[in-house]
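Chemist: need a 3D model of the sequence below.
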Amino acid sequence: MRKLFTFHGGIHPPENKSQSLAQPIREAGIPSHLILPLSQHIGAPAKPVVTVGERVLKGQLLASARGTVSAAVHAPTSGVVEAIEDRQIAHPSGLTTMCIVLASDGKDEWITLAPTLNYLECQPEEIVARIQAAGIAGMGGAGFPTAAKVNTPPERKVETLIINGTECEPYITADDILMQERPQQIIAGVKILQHLLQPGETLIGIEDNKPEAIAALQTAAEGSDIEVVSFPTKYPSGGEKQLIEILTGKQVPSGGLPLDIGVICQNIGSVVAVEDAITLGQPLISRITTVTGEAVTSPGNFQVLLGTPMRFLLEQAGYLTEKNERLVMGGPMMGFAVPDLDVPIVKTTNCLLAPTPSELPNPAPAQACIRCGLCEQACPASLLPQQMFWFAQGKEFEKLEQHNLFDCIECGACSWVCPSNIPLVQYYRASKSEILFARQEHKKAEQSRIRFEARQQRLERGEAEKAAKRAARKQAAEQRARDTSATGQTGEDDPVQAAIDRAKAKKAAQQAAGSSSESEKQRLEDNVASIRQRLEKANQKLTQAEAENSEHVDALRSGVDKTRAKLEAAEQALAALSPGDKDKVEAEPPVDAAAAAIAKAMAARTAKAELDPAEQAKEKLRALELRLQKTRDRLTQSRSEDADEKVIEALEASIHRLQDKITTAKADLPTAEAD
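Modeler: Have a look, this model is predicted:
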């Protein structure tokens, strides 16, 4: 007999479970439209991989997971994607979210499935990948992606695998009926998880108010190392941390995870989904949902396609609209009112509760806290609900976090026992939302600050580099000015000297080339002989083509002309180096560009010298002003063309130098001329 433990607090509300257990699981059918939210789980929403108007088959991927903590979405039946848009969903906020709207064609046509023939031969990472591809998320209410939960690091040993069959919330019987009708499938799913996690022990925890389910699982688990453990009924025994404490006596540390103490928990519905994904290759496209309450004539449990509008499911249970004032998704303790009957069933919809006003009356008006302490006695997480309520009222979020607000599982036990009818859980939920929002805003602000500072540093580095380049250019210009002042002239103002320098450079190059004139002559002679041979062959081909009246005559004639032109050029080059042509060269000397430039510069200097000093000064001033205008025009054009910054800076520097020279030239003019 296994030793059992208990947890702090807990309550015993009316169970009301027998109403929905009178009939076996029923098929809900296929509605005309399915609304599939991209976020049916904790974590990042899925990413659509289909387009509007596309026809899809049952089980086909509609949206892929974004990262590890996410879950894919698949088509629950065959049909056409009608829209991808914001739709209202079942959520306490009443907000909309992105959904894929699928118009079913009634054929329910499957894709080709790929089951795993023998999972015992699969590596753990392969099984995890298949679970993630199937889009499985926790089906007990939290909706944490199963693949992320079972993908444990190698260094983290799983001592205990716990399968949660507690289902402690009043009215809900989805897991109970599943354990009664499909125990073999549950045990098969548990064995897959055992192969994946290699736990030291495996426990299935069930409250003792489900005797049929306990018996069915014990029979199915015979001969295995899976232990079915029943324990006294107390709400909320189905909480993950509470169930771990009941079965092992261990407590999950504040802010920690079950894996921190070597435990992993999985819901009964999630285990069945894992078995379907591995053994059959089926993704998660449906679930068992309880429909109960006095406003339905035929309560029970339904196998319902994900995305089914709640109105459609309620009609299968004989929904009486006039008797129901508010529809609740979940149970009376942790559920919330649904904003509209057409919102869809999702992966976490374990129950639709349609009570009459007398069955589940509206909460009485809240009164002042009398400090009775009953909330603290009922809290299964050992918190101080009364103190947290005051902090929540005063928006003292830092103190709320110090009092472990996020350890609250929102079970509603404190609100249920409160004699003042204070909606404590609603205060905690609102405070959690505000704290999480503030954290996200702080994170965004911090990221923005980091990006801004990085940008400022880049700009400062850029400005420093530009300043260094400008200083270097200025220093170089000053050095050139000093050199010019020392020599008394510049190449820019003395064209004769510049021409002489170019002529000397060209002459030096010619002298360097003269040493190789003999080899060059031999090369030219060989080149002439080679071209003559090619010309003879080309002439022969042309003659033959003309005789045959070939269509290639024109092309061959063009080739002969080109070869002849090459031969003439080669012969001229050879003649230039031949001694026999010396007289010809002396009779007709080639034009020397350097000598011509020198002559031109000398003529310009002579013309300037013939002018009187005043005319020379004015001529120099006009030349500088003309150069200044041209430089300004180039600067304007460069700016309009968004030229490189270095070009613009060079033009600006030239303008400054020309302005200085013009100022000096004006100072050299006679007084009357300057005026």
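
Chemist: three-state assignment of V101?
Modeler: The three-state label given to V101 by DSSP: H, G, I helix; E, B strand; the rest coil is strand.

Chemist: what residues are up against it?
Modeler: V101 is in contact with H33, L34, I35, L36, V81, E82, A83, I84, E85, R87, counting by Cβ atoms under 8 Å, 6 or more residues apart in numbering. From N, CA and C alone the C-beta is placed, and that goes for glycine too.

Chemist: just the buried residues out of these, in PyMOL syntax.
Modeler: Command for PyMOL, covering only those of those found buried under the criterion 16 or more other Cβ atoms under 10 Å:
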select buried, resi 33+34+35+36+81+82+84+87
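
Chemist: just the contacts of V101: which are in strands?
Modeler: Those of those mapping onto strands are H33, L34, I35, L36, V81, E82, A83, I84, E85, R87, per DSSP state E.

Chemist: pick the one among those closest to V328.
Modeler: Among the ones in strands among the contacts of V101, I35 lies closest to V328 (Cβ to Cβ), at 19.3 Å.

Chemist: wait, what's in contact with that closest one?
Modeler: Applying Cβ under 8 Å, 6+ apart to I35 gives the contacts R87, I89, C99, I100, V101, L102, G307, P309, D342, V343, P344.

Chemist: measure the nearest residue to it once chain neighbours are set aside to D260 for me?
Modeler: Once flanking residues are discounted, I35 sits nearest to P344: 4.0 Å by Cβ to Cβ, 6 or more residues apart in numbering. Using Cβ to Cβ, to the nearest Å, P344 is found at 35 Å from D260.

Chemist: the two: who's more crowded?
Modeler: Higher neighbour count among P344 and D260: P344, with 26 against 12, using other Cβ atoms under 10 Å.

Chemist: hang on, the earlier thing: how about the contacts of I35 in JSON lines, adding pLDDT?
Modeler: Supplementary listing: those in JSON lines, determined by pLDDT from 0 to 100:
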{"residue": "R87", "pLDDT": "93"}
{"residue": "I89", "pLDDT": "91"}
{"residue": "C99", "pLDDT": "96"}
{"residue": "I100", "pLDDT": "97"}
{"residue": "V101", "pLDDT": "97"}
{"residue": "L102", "pLDDT": "97"}
{"residue": "G307", "pLDDT": "96"}
{"residue": "P309", "pLDDT": "97"}
{"residue": "D342", "pLDDT": "93"}
{"residue": "V343", "pLDDT": "95"}
{"residue": "P344", "pLDDT": "96"}
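
Chemist: go through these and say which is closest to F5.
Modeler: Ranked by distance to F5 (Cβ to Cβ), those are led by I89 at 38.3 Å.

Chemist: can I assume the closest one is in contact with T96?
Modeler: Yes - counting by Cβ atoms under 8 Å, T96 is a contact partner of I89 at 7.1 Å.

Chemist: neighbour count: these two, which is higher?
Modeler: The neighbour comparison of I89 against T96 (other Cβ under 10 Å) goes to I89, with 22 against 13.

Chemist: so how far is A83 from that one?
Modeler: Separation of I89 from A83 (Cβ to Cβ): 15 Å.

Chemist: next: H74.
Modeler: Separation of H74 from A83 (Cβ to Cβ) stands at 18 Å.

Chemist: picking that back up, who's in contact with the residue nearest to I35?
Modeler: Contacts of P344 (Cβ under 8 Å, 6+ apart): 34-37, 87, 89-90, 99, 306-310.

Chemist: neighbours of A476, just the number please.
Modeler: By other Cβ under 10 Å, neighbour count at A476 equals 10.

Chemist: same question for the one 5 residues further on.
Modeler: By other Cβ under 10 Å, 13 other residues sit near A481.

Chemist: per-residue pLDDT of it, please?
Modeler: A481 carries a pLDDT value of 81.

Chemist: same question for T543.
Modeler: Per-residue confidence (pLDDT) for T543: 79.

Chemist: for D276, same thing?
Modeler: We note a pLDDT of 95 for D276 in this prediction.

Chemist: which SS state does it fall under?
Modeler: In three-state terms, and counting by three-state DSSP, D276 is helix.

Chemist: skipping adjacent residues, who's closest to it in space?
Modeler: Setting aside the residues directly before and after it, D276 is nearest to Q282 in space (Cβ to Cβ, 6+ apart), at 4.5 Å.

Chemist: before we move on, what about E167?
Modeler: Spatial nearest neighbour of E167, chain neighbours left out: D175 (4.3 Å); criterion: Cβ to Cβ, 6+ apart.

Chemist: same deal with T219?
Modeler: Using Cβ to Cβ, 6+ apart and skipping residues adjacent in sequence, the residue nearest T219 is P183, 6.9 Å away.

Chemist: and that neighbour, how many neighbours?
Modeler: Counted with other Cβ under 10 Å, P183 comes out at 20.

Chemist: would you agree it is in contact with A216?
Modeler: Yes - contact criterion Cβ under 8 Å: P183 and A216 qualify, at 4.2 Å.

Chemist: can you list the weak-confidence ranges in the protein?
Modeler: Along the chain, the model assigns pLDDT under 70 to residues 487-499, 509-519, 549-551, 577-613, 670-675.

Chemist: distance of K3 from F231?
Modeler: As defined by Cβ to Cβ, K3 lies at a distance of 11 Å from F231.

Chemist: picking that back up, residues contacting the residue nearest to T219?
Modeler: Taking Cβ under 8 Å, 6+ apart, one finds A213, A216, L217, T219, A220, A221 in contact with P183.

Chemist: state the distance from the second one to I186.
Modeler: Using Cβ to Cβ, A216 is found at 9 Å from I186.

Chemist: CA atoms of stretch 321-341 as CSV?
Modeler: Taking Å, rounded to 0.1, in the frame of the first residue of the first chain, the C-alpha atoms of stretch 321-341 are listed here in CSV:
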residue,chain,number,x,y,z
THR,A,321,-31.5,29.0,-24.4
GLU,A,322,-34.3,30.5,-22.3
LYS,A,323,-33.1,28.7,-19.2
ASN,A,324,-29.5,29.8,-19.4
GLU,A,325,-28.3,33.3,-18.6
ARG,A,326,-24.6,32.7,-18.9
LEU,A,327,-22.5,29.9,-20.5
VAL,A,328,-19.4,28.9,-18.6
MET,A,329,-16.3,27.3,-20.2
GLY,A,330,-14.8,25.0,-17.6
GLY,A,331,-16.2,24.3,-14.2
PRO,A,332,-17.9,26.5,-11.6
MET,A,333,-14.7,27.1,-9.7
MET,A,334,-12.1,27.9,-12.4
GLY,A,335,-14.3,28.5,-15.4
PHE,A,336,-15.3,31.9,-16.9
ALA,A,337,-18.3,33.2,-18.8
VAL,A,338,-18.3,32.8,-22.6
PRO,A,339,-18.9,36.2,-24.4
ASP,A,340,-20.7,34.6,-27.3
LEU,A,341,-22.3,31.2,-28.2
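
Chemist: pull out the buried residues from it.
Modeler: For stretch 321-341, a neighbour-count test (16+ other Cβ under 10 Å) marks 323-324, 327-336, 338-339, 341 as buried.
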